[in-house]
Every structure is written in C-alpha cells, then in structure tokens.
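Trainee: just coords:
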C-alpha cells in the first residue's frame, strides 16, 4: 500500500513518503509566508527528526531556502525596497563565511562530530531567538492591552557600530555606516548557512534593525537578496565537496514550500503581529527543546558505525 | 526488484559435467552458479532473498547418506573502510568520543549454511578460513586505534552493529540438499545492499574437515533515475550543484507567477 507514495531519495539513501515531505515543505512554507522568514531553521531539524542524515539535511536545507528567498527578493526588488549596494557587501562577506563554514563542515564530518555540532548550534540559536521573540511579543501584547500603540521603535541613538572606520553611504537604506560590521555580519550568516543549512534571516533581520539601524522596510528585501546568493554559493560548495545535496528531497520541499508560503502570507495579513510572533516563538522553542532532549537522553546504542571519510586521493 | 531469475538447470548440468571432467577419481568438488552476473536494483528495492544453486560431485554415497557433508555459502560485498564510534557522556551530553577505524571490511556479508557453524567444524577452522560474522578478521587501520584494549572492544562491536543494520546476516539451515548432488542456498540481500562487486563463495566440509571452495562473482548496481541522479551528484558535482540552484530559482519564480495577485 505504501509503495506508490514512497520515493527513494538518491543521496539521503532512504525511502520516504512523498506526501510527508511535500506536507513538511508546505507547513514550513506556510509559516515562512505568515511570519516572513525563510524557514530553513525549521526545515533542517524537521528533516533530522525524519531520519534524513544530518549532512544531507543541512545541505538540502540551504538549497530549498533559495526558492523562497528568491521570490521574496524579486518582490522587494520590484517595489524598490532592496538595498543592492548594502546587500552586495553582505554577499561578499557571506561567501567568505560560507567557504570557511564548508571547510569546518568537512572537518567535523571527518571527526564524527558533525551531528553533535549541528544539534548544539540549533539548540543554542533556537532557544535564544525563541526566548527573545517570546519576551518581545509578550511585552508588546502587554503594551497593546495598556492602550499604547505597539510599534517596533527604531532607536535613533548611534551606537558603537557607528564609530568604526571605512564608512560608506547607502542611499536606499538612508544610512552612513562602516562597512566592517556589514562584512562581519554577512560572514557570520554565511558561516551558519553552510553549517546549519539556514538562510539566516532570523538573525540578520534583527541585526540590521538594531545594529545597523536600517529602516525596517528595506530590511527584509535586502536580507532575502543576500540569502539567495549565499545559499546558492553554499549549495554549489556542498555539492562539490560533500555531494550531500539531495535534489529530489529539495524539490519536494521547495514545491510544497512555495505553495504553502502563498497561503501563509494571506493568513498572516489577517492576524495581529505580536500574537503571530509569540506563536512563532513557541514553535521555535519547541523545536529547540526537542533537539536538546535528544542530546541528553541516553542513546539506545552507544556504538555506531559509519563509512570512514577518505581524505585525500585514493 | 531483482530482474533476472537466478539459476537454470542447464547451467547446473554444464557445471557438474565440467567439474567431473576436471577432477577424476574419488575427489569431492563443489560448484555454485548464478544464472546472471549482474543484478540491477531500482528505487523500490526493499531487500530480497538471493538463491544460489550448487552441485556437489564425486561425493561418497555412504558419507552422504549419513549427512556428513556440509556446505557454507557466503556472499561478500565490496570492501570499504569503516569507523566504529562510542558515545560518552560529557556534561550530560552524549558525544562521540573514542573510535577505531577498520579497513578492507566487506560492506555486506550474507551467509547460509546446512547447520550451525559449530556443528560443522571446530571454530579454529572457520577462523582460518574467515567464515562467519564472528570468525572473520576485522583489520584495523595501522593508526586507527588507541590501545589494544579499545581495539578488542571495538572489534567486537563491529559485527554486532553490522548485524543490527541487517547488512550482515547468517542463515542457519538455509543450504538445503535437493538431491544427492544438488543444493540450494538462500542468502539475504538487504534493502541497503551496497552496490559494487560481490563475491559468492561455497565451502564444502566433510566430517568437520574443510575440503574445497569455489566462487563466482555478482555485480550489484543501481538502475533507474535515482541512480542517474546519484551518479551525477558524484561525477558532475559542480554541474549538479548549479542545477540544484537553478531548480530552486525556477521553483521560486514559478510560485510567484502562479500565485501573484498584482
């Protein structure tokens, strides 16, 4: 009975149910449309829960992020809410960061610690981001209840970032800022993109608002622009160094994701922002918790066997 | 699924004639045959039984009647290097700690025998021949282990893990004599059977003494679209990566075209 729905993933080397993966893509796409995030940080852990090898989950996660970010970036480009100059600097930093990330990825794989580091990074990032979002949205809900207008304030005060050298003017963002934090931010996101299989929008967006003081309307577009290029670079790098991109898996997730995102965006417009953010925060925390539990629970089998990674030519 | 039937009687007939011609006199010989040298597995493959037919020639009728001939048939997969790791607890977290690397280890191993191995011969015989999951020699990489203590520990874990993954199987009693000379061995091909060259070998024993072996090879390969994708990812990895990016861009763009409201 299961046969017609089953599909063999050529790189992950397991048989999976088409509809589970399509549904997973659609559900994450729905959420990403609703909340305006890429969804890579949900897809990769979900794939790991579904027994996809972490190396394949990470690489394929980066691949599927391209699809959602591309349509987002295109929309913002047409509206003019995309800072190409700043975005390109982020891409330059991102490519360097991603290249370092791939190198670390290969190293961890050889050491047999890749799965652990991926899980640890997810636990740290998901619980931090989830916790912050939950705190922020609960505060916002309290304020609305108290009768004030819930707005994300853009702090006008300059911070230490604005005292750094090599300043450049960005017209679309209406800021005059050093290129150092931009390159560093791009690099950090690129690094995470290759190790965690995420676009990194969930870190980049707050960093752009609070660190670079960019106006919120250009933040999402510019972030999507960088994500498209960096995840594309990561995808090609993963394909050439680790051969861990599963194109069948990626396509199932993408097609589900693109459809889900459209409905998510429609629902998202009807719901209140802070409630939405609180919901997403809870979801992020739940995924983080699930991964954390796995690290602490005694495994069924303490021993494992895997193919030795052959280094160098043989 | 397995495409070809695995044996024909004509093949067996020719085998036994050839065997009889080669070794005149009262010398027992064993031959096995597969009617195909290639098995193509496709995406629906969930594992199957592989039947190997064989012939025993110049057998002593008296010993045969007493059932003192035993046959062990094994199918060894291609040799690979493996790492066995053990998780230890650090600060409450389970982390891969110690590991031992092995080389020239068959990626898969299926065995079928007339009786349990200890009933066929003494363990030393099987250790010398390297027959059986617990008698094979697991060769460590020269610098792949820390101490002889850990080597011993991990060498014991390797076959256990392989058996658990069903890549190693041992089927007692699944070599059956169909007649005085013909026997049939049923081996397991697991769903995750490694592709490459497999070697089928038959070992003949008489009264607990090893007499002779014969072997034949079998090529297992993946067929269909999935395999072409797999091959593309490995051989043309740059093009494959670029195509993956292209596919994502097209999918994202199509989504916008289909659903756009403005």
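Mentor: Yes, it's here. Computed from a prediction, not measured in an experiment: that's the story for all the values here.

Trainee: other residues contacting stretch A:99-107?
Mentor: Here stretch A:99-107 makes contact (CB atoms under 8 Å, 6 or more residues apart in numbering or on different chains) with A:55, A:58, A:114, A:187, A:190-195, A:234, A:237-238, A:241-242. Yep, even glycine has a C-beta here, placed from its N, CA and C like the rest.

Trainee: pLDDT (mean, whole number) over that stretch?
Mentor: Average pLDDT, stretch A:99-107: 92.

Trainee: where does the stretch 101-250 of chain A get nearest to chain B, which residue?
Mentor: Using CB to the nearest CB, the single residue of the stretch 101-250 of chain A nearest to chain B is residue A:239, 2.8 Å away.

Trainee: residue boundaries of the helices in the stretch 151-300 of chain A?
Mentor: Here the stretch 151-300 of chain A has its helices, by DSSP state H, counting those that start in this stretch, at A:179-196, A:201-210, A:216-241, A:247-270, A:273-296.

Trainee: what comes up buried for the longest one?
Mentor: In this case it means helix A:216-241. Using 16 or more other CB atoms under 10 Å in any protein chain shown as the test for burial, helix A:216-241 gives A:218-241.

Trainee: and for the first one?
Mentor: Across helix A:179-196, burial judged by 16+ other CB under 10 Å covers A:179, A:181-183, A:185-196.

Trainee: what about that helix, near chain B?
Mentor: No. Helix A:179-196 does not reach chain B (CB under 8 Å from any CB of the partner chain); its nearest approach is 12.8 Å.

Trainee: look up the closest residue to the closest residue to chain A within the stretch 51-200 of chain B, ignoring the ones flanking it.
Mentor: At 3.8 Å from chain A, residue B:81 is the closest residue in the stretch 51-200 of chain B, using CB to the nearest CB. Nearest residue to residue B:81, sequence neighbours excluded (CB to CB, 6 or more residues apart in numbering or on different chains): residue A:308, at 3.8 Å.

Trainee: sorry, back to before: what's the residue lying closest to the residue of the stretch 101-250 of chain A closest to chain B once chain neighbours are set aside in contact with, if anything?
Mentor: In space, and not counting its chain neighbours, residue A:239 is closest to residue B:241: 2.8 Å by CB to CB, 6+ apart. By CB under 8 Å, 6+ apart, the contact list for residue B:241 reads A:235-240, A:245.

Trainee: mean confidence for the helix or strand hosting residue B:54?
Mentor: Per DSSP states H and E, residue B:54 falls inside strand B:48-57. The average pLDDT within strand B:48-57 is 88.

Trainee: run the chain-centre distance for the helix or strand just after that strand.
Mentor: The C-terminal neighbour of strand B:48-57 among helices and strands, as given by DSSP H and E, is helix B:61-66. On the basis of CA atoms, centre = their mean, to the nearest Å, helix B:61-66 sits 31 Å off its chain's mean C-alpha point.

Trainee: need the contact partners of helix B:61-66.
Mentor: If you take CB under 8 Å, 6+ apart as the criterion, helix B:61-66 is touched by B:69, B:180, B:206-207.

Trainee: could you identify the buried members of these?
Mentor: Using 16+ other CB under 10 Å, the buried members of the contacts of helix B:61-66 are B:69, B:206.

Trainee: pLDDT-wise, what's the bottom of the contacts of helix B:61-66?
Mentor: For the contacts of helix B:61-66, the model is least confident at residue B:180; its pLDDT is 82.

Trainee: helix, strand or coil for it?
Mentor: With DSSP: H, G, I helix; E, B strand; the rest coil as the basis, residue B:180 sits in coil.

Trainee: how far away is it from residue B:64?
Mentor: For residue B:180, the distance to residue B:64 equals 6 Å [CB to CB, to the nearest Å].
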